[in-house]
Structure formats: structure tokens, C-alpha cells
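[1] 3D model of this:
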Amino acid sequence: MSLETTMNSDTILKVEHLSMKFGGLMAINDFSFEAKRGEITALIGPNGAGKTTVFNCITGFYKPTMGMIVLNQKAGKQYLLERLPDFEITKHAKVARTFQNIRLFSGLTVLENLLVAQHNKLMVASGFTVLGLLGFPTYRKAAKEAIELAKHWLEKADLIDRADDPAGDLSYGAQRRLEIARAMCTGPELLCLDEPAAGLNPRESAALNTLLRSIRADTGTSLLLIEHDMSVVMEISDHVVVLEYGQKISDGTPDHVKNDPKVIAAYLGVEDDEVEDVISEVESLEGGVN
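    Have a look, this model is predicted:
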């Protein structure tokens with residue numbers, strides 16, 4: 001569903017007054033933020049803060065209790081994501097997503113996993129199988145383009161040498177990069193990544209950072225990620241939003257957020273009235289080190 005509304009062209013995603021209630025539990029409470037086009041926006045917070053619930057609302061897995069989620073495409077077309085079924089969010093609004101748990105087809109090859117992501121356009125080009133069976137030029141052209149696109153993203157993900165290997169044989173970090181490459185084969189304008197660095201060692205995290213920066217620089221795709229690894233967040237993010245108990249407590253640049261007393265208190269698990277004490281202790285320790 002598209003709409004006409006006033007929205008800055010630099011903003012790709014606008015979440016306004018989002019609330020999500022499960023029975024008597026308010027998982028998200030009046031949450032608002034914006035993600036800028038071509039930037040990496042990180043959504044962070046302690047365990048149970050509501051980050052994945054926000055992702056599920058954006059990508060159509062949940063329908064929020066209240067609020068509006070607007071996706072603004074490059075062409076100027078806008079979509080109310082909270083009113084769309086999940087498959088239309090992927091197909092029309094061009095939002096792709098990865099999950100906390102890797103969801104590859106482990107028995108298919110690395111290349112085949114990327115071709116699966118292009119299944120819909122290949123089916124259309126094949127006339128829903130008939131033209132493909134008859135070997136029509138339109139289908140052969142589409143199949144060739146799909147393979148070239150898959151190889152392009154395998155190169156980007158540093159996996160081209162593993163193209164013919166089963167996806168299940170890859171290391172954990174390589175599987176993470178493959179999942180992101182597969183999502184990029186759908187041509188998203190907004191890529192949502194749910195804890196992409198989870199379980200990665202430092203070398204794998206560095207390779208992930210390189211891939212994500214490449215996606216932003218080379219395609220202009222906007223990235224929205226949930227992440228607990230603060231080294232990843234602070235190194236690659238342009239914008240950070242912090243949730244605690246379903247409410248926003250900070251919103252700004254990585255430097256602003258990491259020095260925000262409310263954020264420090266949230267991660268240390270202290271009450272609001274103890275925030276100043278925490279800051280004083282931190283400053284005292286830093287002074288002692290210096």
C-alpha cells in the first residue's frame with residue numbers, strides 16, 4: 001500500500017509512535033526513530049529491550065498494536081509497512097532481512113543459495129516453467145543474468161572460490177556473509193540484519209565489517225542492524241538508536257551514544273537515580289589510568 005505524506009527524501013525509514021503489546025506485556029512503547037538513506041543505522045540495547053520485536057514489525061512478521069512505519073523508496077514511492085503482508089514488504093517495498101539464526105539451504109551449493117533468492121524473477125522469465133523447459137531466449141538471458149548477479153555477490157562476500165561447495169560446509173562466519181549476499185540478490189533498498197556478528201571471531205567480524213561497508217559504498221543500500229558487538233557497532237555505524245524496556249533512551253552518532261549516561265547505566269543495569277554515580281566512577285577510573 002502506497003501513500004502520499006511529507007517525508008524528507010534523505011530518510012528511507014520513519015517509525016512513528018510504534019507500540020507492540022503481547023497480552024499484558026508492552027514490548028515496545030511509543031517508539032520513534034528515522035533511518036537515513038545510504039547510512040548504517042544500529043539498533044542496540046540490553047537483552048529483552050525489544051529490538052527484534054521492532055524488526056519483526058518493520059518486516060511484517062508482527063502487526064504493531066499502534067504506530068506507523070513508512071518506507072520511502074528512491075523513486076519517491078512510499079509504503080505503510082504496518083499494513084502490508086510480509087511478502088509484499090520484500091517484493092514491493094524492497095526490504096530484505098537476515099535472522100539471528102542462520103537460515104541457509106545447507107544441502108544446496110553456495111551459488112544455488114543465491115539463485116534461490118532470484119526465484120521469482122526467474123519464474124516470471126520462464127513463463128512459470130513452460131518457456132524455461134522450451135529454452136526460450138528470454139529465459140536463457142534471465143538465467144545468465146541471475147548467475148552473473150550471484151557471482152558478483154560471491155566475489156563481494158569473498159566466497160567465489162566456494163561457489164560449488166555445499167553451503168553447510170562453510171565456516172560460521174562465511175555462512176553469515178553468504179546469507180547477507182543472498183539477501184542482496186533480491187535488490188533491497190533497505191537491508192535489515194539481526195545480530196550479523198553474533199558468534200563471530202575477530203577475523204570474521206572484520207570480514208563482515210568490510211562487506212557491510214562495501215554494500216553501503218557501492219550500492220547505496222541502507223542498512224539497519226541489531227547488534228550486541230559494540231566494536232562492530234561503533235566501527236561501522238553512522239547512527240545508533242538505543243532501546244531499553246521497549247522505550248528509546250538515546251539516539252545519535254556512535255560517539256554521542258557511547259557517552260550518554262543513560263546508555264552506560266542501561267548496560268550496567270543500574271537505576272536512573274544511580275546514573276550520576278556511575279559516570280563519576282567511570283571518570284574517576286579513567287583519570288586513574290591516565
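[2] and the closest residue to R182 other than its chain neighbours, what does it touch?
    Distances taken as CB to CB, 6 or more residues apart in numbering put A117 closest to R182, at 4.7 Å, once the chain neighbours are dropped. Placement of C-beta: from N, CA and C, glycine included. A117 sits next to R182, A183, C185, T186 when contact means CB atoms under 8 Å, 6 or more residues apart in numbering.
[3] burial measure for V241, as a count.
    V241 is surrounded by 25 other residues when neighbours are defined as other CB atoms under 10 Å.
[4] how close does it get to T98?
    For V241, the distance to T98 under the criterion CB to CB, to the nearest Å works out to 19 Å.
[5] got the phi/psi numbers for the residue nearest to R182?
    Recorded main-chain torsions at A117 are phi -60, psi -20, according to degrees, to the nearest 10.
[6] ok, which stretches of the chain are strands?
    In the chain, the segments counted as strands under DSSP state E are 11-22, 25-36, 40-44, 66-72, 78-80, 95-98, 190-194, 222-226, 239-244, 247-252.
[7] quick one: low-confidence parts of the stretch 151-290 of the chain?
    For the stretch 151-290 of the chain, applying pLDDT under 70 flags the ranges 268-290.
[8] any weak-confidence spans in the stretch 1-150 of the chain?
    By pLDDT under 70, the low-scoring segments of the stretch 1-150 of the chain are 1-8, 120-137, 139.
[9] apply 80 and report the result again.
    Judged against pLDDT under 80, the low-scoring parts of the stretch 1-150 of the chain cover residues 1-9, 119-140, 142.
[10] can you give me the helices for it?
    Taking DSSP state H, counting those that start in this stretch to define them, one finds helices in the stretch 1-150 of the chain at 51-58, 86-91, 110-116, 119-125, 130-134, 137-156.
[11] of all those, which lies closest to I215?
    Nearest to I215, of all the helices of the stretch 1-150 of the chain, is helix 137-156, at 7.6 Å by CB to CB.
[12] and the closest one, what does it pack onto?
    Helices and strands touching helix 137-156, by 3 or more CB pairs under 8 Å, 6 or more residues apart in numbering; DSSP states H and E, are helix 110-116, helix 119-125, helix 130-134, helix 172-184, helix 202-219.
[13] residues of it that come out buried?
    Buried positions in helix 137-156, judged by neighbour count with 16 or more other CB atoms under 10 Å: Y139, A142, A143, A146, L149, A150, W153, L154, K156.
[14] most neighbours, which of the contacts of A117?
    Ranked by the number of neighbours (other CB under 10 Å), these place R182 first, at 25 neighbours.
[15] quick check: it touching L115?
    No: if you go by CB atoms under 8 Å, R182 and L115 don't touch, sitting 9.4 Å apart.
[16] still on that earlier bit, and the helices of the stretch 1-150 of the chain: which comes nearest I69?
    Here helix 51-58 is closest among those (CB to CB), at 5.8 Å.
[17] what's the angle from that closest one to strand 25-36?
    Relative orientation of helix 51-58 and strand 25-36, computed by axes from the mean of the first three to the mean of the last three CA atoms, to 10 degrees: 70 degrees.
[18] tell me the angle helix 51-58 makes with strand 11-22.
    Taking the same axes, to 10 degrees, one finds that helix 51-58 is oriented at 110 degrees with respect to strand 11-22.
[19] for helix 51-58, packing partners?
    Helices and strands in packing contact with helix 51-58 are listed as strand 11-22, strand 25-36, strand 40-44, strand 66-72, strand 190-194, strand 222-226; criterion 3+ CB pairs under 8 Å, 6+ apart.
[20] ok, and what's touching the third one?
    The contact list for strand 40-44, computed with CB under 8 Å, 6+ apart, reads 33, 35, 51, 54-55, 212, 216, 222-228, 230, 233, 236-243, 254, 257.
[21] next: the fourth one.
    Strand 66-72 is contacted from outside by 3, 5, 7, 9, 11-19, 31, 37, 57-58, 78-82, 89, 93, 95, 189-190, using CB under 8 Å, 6+ apart.
[22] and that strand, C-alpha only, in CSV?
    Written as CSV, here are the backbone C-alpha positions of strand 66-72 (Å, rounded to 0.1, in the frame of the first residue of the first chain):
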residue,chain,number,x,y,z
MET,A,66,-0.2,1.1,17.3
GLY,A,67,2.1,3.3,15.2
MET,A,68,3.1,3.9,11.6
ILE,A,69,6.1,2.6,9.7
VAL,A,70,6.9,4.4,6.4
LEU,A,71,9.4,3.2,3.8
ASN,A,72,10.4,5.9,1.3
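[23] many thanks, I have nothing further to ask.
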